[in-house]
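Chemist: Predicted structure and sequence below. I'll ask about it afterward.
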Amino acid sequence: MKTDLLLIPMSARWAQMRAAALAAEEAGFDGLWTWDHLRDPDADGGPGVPEAWTVLTALAEVTRRVALGPLVLNVANRAPALLANMAATMQAVSGGRLLLGLGAGGNRRTPYAVEQAVLAQTVERDAVRAQRVVDAIGVIRRLWSGNSGFLRPEPVPPIIVGGFGPRMADIAGRHADGFNTQAFHPQLDDLVRRARDGHTASGRDVSRFMVTVFAGLDATWLRADSRARQRLDRVGVDRLILLVSPPFDAAQIRQAGRLLSAARA
């Protein structure tokens, strides 16, 4: 199981994210992620939130080894054709390290609905937002086919759909290359099984389907003998993504890397 860090962007500064990314790569983490949000709902009047795609592209230039991905892009924020070209460009810039996370965005009950209002986007009901993910994946795959005149990524990055319920797990399995959800989700086993069953039903090789989960950075997740990590191994999780908050403690990241290295030994 690979172990990644997610740099929470709320009220973060670019310089902090850059320093944390370099510390994470040096410490031996396998990947870096960030969220696709435009404002911090808990810090009115704060410094704001660095935009996910811009941050990841910049990190592609200052890192050399780690995978890079958004967890996850709200498909309502960018036209799918534009996103297809952005992802293909990012794949070239990063040397093939992109993991493309996509999602339906928050519902009307979340504080992130304000972001959609700023973008003049209506927050639709769950079924409509979920269908947008399916439609976006279809457009992206068509434009990546090599027959469209659009930039084709080399290699084609895996598309990972994020979600917390059976609808998104099924969409991930049938239309994408991976599924992301919470590490502590009470229905984790069922959701992963549903996603894998959907992938098999779509006629694709389930052994290539990627399961990723996220949790807060804690030593429990970094010890090979921990029950929490062993459960993820039993479920067949491919990547564990651990969240860290700004201003990001480089010493904490290095210590976490030492624990991770000991677990791998």
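Modeler: Noted; the coordinates are in hand. Please read these numbers as outputs of a predicted model, since none were measured by experiment. Numbering: from 1, shown residues only.
Chemist: Show me where the stretch 151-265 of the chain has its strands.
Modeler: Per DSSP state E, counting those that start in this stretch, the stretch 151-265 of the chain carries strands over the ranges 159-162, 178-182, 210-216, 239-244.
Chemist: Buried by neighbour count: which residues of the third one qualify?
Modeler: By neighbour count, and taking 16 or more other C-beta atoms under 10 Å as the criterion, the buried residues in strand 210-216 are Met210, Val211, Thr212, Val213, Phe214, Ala215. To be clear about C-beta, it is placed using only N, CA and C from the backbone, and glycine gets the same treatment.
Chemist: Next, the contact list for the second one, please.
Modeler: Contact criterion C-beta atoms under 8 Å, 6 or more residues apart in numbering gives Gly178, Phe179, Asn180, Val192, Ala195, Arg196, Val235, Gly236, Val237, Asp238, Arg239 as the residues in contact with Val211.
Chemist: Output those residues in a markdown table, with neighbour count appended to each entry.
Modeler: Formatted as a markdown table, those follow (neighbours: other C-beta atoms under 10 Å):
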| residue | neighbour count |
| --- | --- |
| Gly178 | 23 |
| Phe179 | 27 |
| Asn180 | 28 |
| Val192 | 23 |
| Ala195 | 29 |
| Arg196 | 19 |
| Val235 | 15 |
| Gly236 | 14 |
| Val237 | 21 |
| Asp238 | 14 |
| Arg239 | 23 |
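Chemist: secondary structure element for Gln16?
Modeler: Applying DSSP states H and E as the criterion places Gln16 in helix 14-27.
Chemist: Kindly report the same for Arg78.
Modeler: Counting by DSSP H and E, Arg78 is found in no helix or strand.
Chemist: what about it, distance to Met1?
Modeler: 30 Å (C-beta to C-beta, to the nearest Å).
Chemist: and if you look at Ala183?
Modeler: Counting by C-beta to C-beta, the gap from Ala183 to Met1 is 11 Å.
Chemist: shared neighbours of the two, anything?
Modeler: Contacts common to Ala183 and Met1, judged by C-beta under 8 Å, 6+ apart, are Leu232, Val237, Leu240.
Chemist: Near Pro155, how many other residues are there?
Modeler: Each residue near Pro155 was counted by other C-beta atoms under 10 Å, and the total is 9.
Chemist: That one against Gly95, yeah?
Modeler: No - if you go by C-beta atoms under 8 Å, Pro155 and Gly95 don't touch, sitting 10.5 Å apart.
Chemist: now the chain, which segments are flagged as low pLDDT?
Modeler: Residue ranges of the chain with pLDDT under 70: 45.
Chemist: So which residues of the stretch 1-150 of the chain form strands?
Modeler: Taking DSSP E, counting those that start in this stretch to define them, one finds strands in the stretch 1-150 of the chain at 2-7, 31-34, 67-70, 73-74, 100-103.
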